[in-house]
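> coords please:
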Amino acid sequence: MELLQVADAVAREKSIDREEVLEAMEQAIQKAGRAKYGHEHDIRAVIDRKSGDIHLKRYREVVAEVENDVTQLPVGEWPDHAVGDFVIEDLPPIEFGRIAAQTAKQVIVQKVREAERQRQFREYKDRVGEIVNGIVKRVEYGNVTVDMGRAEAVLRRDESLPREHFKNGDRVRAYIYDVREEPRGPQIFLSRTHPQFMAALFKQEVPEIYDAIITIKAVARDPGSRAKIAVISKDSSIDPVGACVGMRGSRVQAVVGELQGEKIDIIPWSNDPATFVVNALAPAEVSKVVLDEAGNRIEVVVPDDQLSLAIGRRGQNVRLASMLTGWDIDILTEAEESERRQEEFRTRSVLFIEALEVDDVIAHLLITEGFASVEEIASTEVDELARIEGFDEDVAEELRNRAINFLETRNAAFEEERKALGVEDTIANVDGFTPEMLVKLGKAGVKTLDDLGDLAADELIEIVGEGAMDMEHANTAIMAARAHWFENEEATPA
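As a prediction, this is how the structure comes out:
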């Protein structure tokens, strides 16, 4: 019974199953038995779960042909046993000497430790995303080991806030961001810099977030310095920003205090990208926003006196706004934007004047109506062009014909250059390439289907030019070029 009491005590202390402790004891006794009778013997130990009695037994298998005299018996000598049965022989209890007892203790400690590790992994693997409290147990090279009561966790130096130092005995509040099994046992990793740590802190401080009335849509952090958090309310009568700030800033200050004074901008989330970006750049004022959805970029124009505020110290404000919204943000002043628009106007004017052989008045009219290329003019119906103020059908038709002739002449020149560069017709037959793109491919050394098939989508886009082709079309073109590889494989007999 004393053995069972020890097992119960260990199970309670380590928070593991009593059965696992008893199995560890059985393995320890079994190891001691083999050490006494010979390691080649199949000796097994069983502890009676009610009385605590130890039964030591030797197992020998009945076989048709004996290969090992120690663990096997011939079936002829045991007619009442079938092949595969075991002959079980009771062995006298063993007296544990000092060395045997020490070995048994080591086995039990090792097995109990393994069981404890498995218990920790099972318990904490489903707690990823939670905030936990613990006490600093030791600090090594800035890495902190945290005692959480039932387990230990690691808060690495790069997951701590800058200028944050811990010493033994300090209380720590952190976020479980990963739990994984490693050779030395399950490892629980904590973080105080993770964006979701801030989100979890707000969830604890703001009842509306806990009750899912307010949702945190995005978080961006420069740990220890500044952060932005985007929130939205399901209830139109509840202001999500006001709820997160709290009475006299009490709620947000509780989070700021935990994060060592990290400044937090609380942003109302919007489904409209332009509105969301404008909100995210607060406190800077925005005059104008231009979206490029294909390139996932957004151009923001701000008054000249707002530029430094929009960019922030060392680009912090615009960087956090970009992380929060998921858009690449380019910031221009009104003066820079005006200058760039004028330059674009001049460039397009020259293009239309030279390509269509018109004066600057007609070129300016076309630009004002939103035409950006000769291709757009060539593809526009005559009656639509005729609606432009100052144009009639004859002028519209003439302009369209000139645009078509210009493109045909230019494409013919590109076609000749493409052939001179040695770009094969098979590439020209792949959908999605203009004559100009084919010339660019030739200059880059892409002249066969195999050359094109060897490219990655981003390499192809870089060759033909940003904006000329998106990622989807680039992948489609590359797969079309690779099609003959698979045809060759199918033609090869198995």
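> how many residues are close by Q306?
19 (other C-beta atoms under 10 Å). Any C-beta I mention is one placed from the backbone N, CA and C, and that applies to glycine too.
> and if you look at N133?
By other C-beta under 10 Å, the residues close to N133 number 11.
> quick one: contacts for it?
Each residue near N133 by C-beta atoms under 8 Å, 6 or more residues apart in numbering is listed here: M148, R171, V172, R173.
> try 10 Å
Counting by C-beta atoms under 10 Å, 6 or more residues apart in numbering, N133 touches V146, M148, G149, R171, V172, R173, A174.
> assign it to helix, strand or coil.
On the three-state scheme (DSSP: H, G, I helix; E, B strand; the rest coil), N133 is labelled strand.
> how about A477?
Three-state call for A477 (three-state DSSP): helix.
> spatially, what comes nearest to it if we skip its sequence neighbours?
Nearest non-adjacent residue to A477, counting by C-beta to C-beta, 6 or more residues apart in numbering: G432, 5.0 Å away.
> the one you found looks like it's in a helix, true?
No. Read with three-state DSSP, G432 is coil and lies in no helix.
> any idea of the pLDDT on it?
At G432, the model reports a pLDDT of 81.
> again with A100
Among the per-residue scores, A100 holds a pLDDT of 49.
> tell me where the stretch 51-200 of the chain has strands.
Applying DSSP state E, counting those that start in this stretch to the stretch 51-200 of the chain gives strands spanning 54-63, 72-74, 86-91, 131-140, 143-147, 152-155, 171-182, 185-191.
> what is the least confident helix or strand in this structure?
In the chain, the helix or strand scored least confidently by mean pLDDT, DSSP states H and E is helix 98-124, which has a mean of 66.
> for the spatially closest residue to A474 that is not a sequence neighbour, grab phi and psi.
Of all residues not flanking A474 in the chain, A457 sits nearest, at 4.0 Å (C-beta to C-beta, 6+ apart). Backbone geometry at A457, expressed as degrees, to the nearest 10, gives phi -60, psi -40.
> was I right about the residue nearest to A477 contacting I461?
No. G432 is beyond contact range of I461, at 11.6 Å (criterion: C-beta atoms under 10 Å).
> okay, and for the stretch 151-300 of the chain, where does confidence drop off?
184-185 (pLDDT under 70).
> ok so, going back, identify the residues contacting the residue nearest to A477.
By C-beta under 10 Å, 6+ apart, G432 lies in contact with L460, V464, A468, M469, H473, A474, T476, A477, A480.
> cool, G312 as well?
Counted by C-beta under 10 Å, 6+ apart, G312 has contacts D222, R226, L281, P283, A284, V318, R319, L320, A321.
> repeat for A174
Residues in contact with A174, defined by C-beta under 10 Å, 6+ apart, are 130-134, 144, 146, 148, 153, 155, 159-160, 189-194, 197.
> domain parsing for the protein?
With domains defined by automatic domain parsing, the chain comprises 2-121, 128-191, 272-362, 363-488.
> a markdown table for the ones you listed, including distance to A243?
Converted to a markdown table, the domains of the chain look like this (distance: least, C-beta to C-beta, whole Å):
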| stretch | distance to A243 |
| --- | --- |
| domain 2-121 | 37 |
| domain 128-191 | 20 |
| domain 272-362 | 16 |
| domain 363-488 | 40 |
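> return the member of those having the minimum mean pLDDT.
Ranked by mean pLDDT, the domains of the chain end with domain 2-121 at the bottom, a mean of 75.
> run the chain-centre distance for it.
Offset of domain 2-121 from its chain centre (C-alpha atoms, centre = their mean, to the nearest Å): 47 Å.
> and if you look at stretch 390-400?
With C-alpha atoms, centre = their mean, you get 55 Å for stretch 390-400.
> and it, C-alpha only, in PDB?
Extracted C-alpha coordinates of stretch 390-400, given in PDB (Å, rounded to 0.1, in the frame of the first residue of the first chain):
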ATOM      1  CA  GLY A 390     -15.500  71.300 -80.200                       C
ATOM      2  CA  PHE A 391     -15.400  67.900 -82.000                       C
ATOM      3  CA  ASP A 392     -17.800  66.700 -84.700                       C
ATOM      4  CA  GLU A 393     -18.100  63.300 -86.300                       C
ATOM      5  CA  ASP A 394     -15.500  64.100 -89.100                       C
ATOM      6  CA  VAL A 395     -12.900  65.200 -86.500                       C
ATOM      7  CA  ALA A 396     -13.700  62.200 -84.300                       C
ATOM      8  CA  GLU A 397     -13.400  59.700 -87.200                       C
ATOM      9  CA  GLU A 398     -10.100  61.300 -88.400                       C
ATOM     10  CA  LEU A 399      -8.600  61.200 -84.900                       C
ATOM     11  CA  ARG A 400      -9.600  57.600 -84.500                       C
END
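> please renumber so the chain begins at 297
In the new numbering, first residue 297, that becomes stretch 686-696.
> can you name the residues in contact with that stretch?
Contact with stretch 686-696 is made by 648, 652-654, 657-658, 661-662, 665, 667, 673-684, as judged by C-beta under 10 Å, 6+ apart.
> derive a PyMOL selection command for the buried subset of those.
Buried residues within the contacts of stretch 686-696, by 16 or more other C-beta atoms under 10 Å, are selected in PyMOL with:
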select buried, resi 648+652+654+658+661+662+665+667+673+674+676+678+681+682+684
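> in helices, which of the contacts of stretch 686-696 appear?
When DSSP state H is applied, the contacts of stretch 686-696 are split such that F648, L652, V657, I658, L661, L662, I673, A674, V678, D679, E680, L681 fall in helices.
> can you pick out the most distant pair from those?
Farthest-apart pair in these is V657 and D679; separation 21.7 Å (C-beta to C-beta).
> which parts of the stretch 497-646 of the chain are strands?
Counting by DSSP E, counting those that start in this stretch, one finds strands in the stretch 497-646 of the chain at the ranges 510-518, 522-529, 559-564, 584-588, 593-598, 624-629.
> picking up where we left off before, would you turn the contacts of N429 into a markdown table with distance to V551?
Formatted as a markdown table, those follow (distance: C-beta to C-beta, whole Å):
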| residue | distance to V551 |
| --- | --- |
| V442 | 20 |
| M444 | 22 |
| G445 | 25 |
| R467 | 17 |
| V468 | 16 |
| R469 | 11 |
| A470 | 14 |
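> mind giving me the PyMOL command for buried ones among the residues you listed?
In PyMOL syntax, the buried subset of the contacts of N429 is picked out as below (16+ other C-beta under 10 Å):
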select buried, resi 442+444+468+469+470
